[in-house]
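1. Just the structure for this:
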Amino acid sequence: MIDLQTKSSGEDYLAYNRRRWGSDGWTSSLRRSAAKDELQFKDWKWWPNTLNAHRLVLLADTVGKGGEAKQELFKMTYEEGLNISDMEVLCAAADRLGLSGAREYLMSEKGKEEVIKQDRSAKSERNISSVPFFIINGSYSLSGAQDSTTFEKALQKVANM
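-> Numbers count the residues shown, from 1 in each chain. The predicted structure is shown next:
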């Protein structure tokens, strides 16, 4: 999802959380849950504007690397303390993924309308208001960070439908 309230250059993590929610207290349960799955969030410094990151994922999807692109962007944001709002950071991600032509693509307007259309559709048609948001088998959804036990139960429920 694209957060239109985030500055185009991204924002300092804590400043954004204070402005938006008064603190970053909401991340405590997220971090605890993630730690169980060996995710650290050890260097989360930025709250990025993700419009261009979504465009990079769209480009990566064309060569079957959309999932890898998402993982790379998550790692850069949460583990390496990088600002994925920055075009140079996105170009570095593209280089890591071996995406040729990514710099030219990102410096253009290509993919922008499609990403905005997908975002609007997710918000209006699927009523998605926060991320992460998971849709399982097109019929069951989970909103927010979930531990592996919750996913297991959701998958069992869908299998029994």
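2. hey, where'd the strands end up in the protein?
-> 11-12, 46-47, 133-136, 140-143 (DSSP state E).
3. Highest mean neighbour count out of those strands?
-> Mean neighbours per residue, mean count of other C-beta atoms under 10 Å, is largest over the strands of the chain for strand 46-47, with a mean of 24. The way it works is simple: take the backbone N, C-alpha and C, and place the C-beta from them, glycine included.
4. What strands line up against that one, and which way round?
-> Strand 46-47 sits in its sheet next to strand 11-12 (antiparallel), going by DSSP bridges.
5. where's the strand it pairs with relative to the chain centroid, distance-wise?
-> Its chain's average C-alpha position is 16 Å from that of strand 11-12, according to C-alpha atoms, centre = their mean, to the nearest Å.
6. and that strand, average pLDDT?
-> Mean pLDDT, strand 11-12: 96.
7. And for that strand, what's in contact with it?
-> Residues outside strand 11-12 that contact it (C-beta atoms under 8 Å, 6 or more residues apart in numbering): 19, 45, 46, 47.
8. Going by neighbour count, which residues of the helix or strand bottoming out on mean pLDDT in the chain are buried?
-> The helix or strand of the chain with the poorest confidence is helix 27-36; it has a mean of 81 (mean pLDDT, DSSP states H and E). Residues 27, 33, 34 are the ones in helix 27-36 that count as buried (16 or more other C-beta atoms under 10 Å).
9. and of the residues you listed, the nearest to residue 101?
-> Ranked by distance to residue 101 (C-beta to C-beta), the buried residues of helix 27-36 are led by residue 34 at 34.0 Å.
10. Cheers, nothing more for now.
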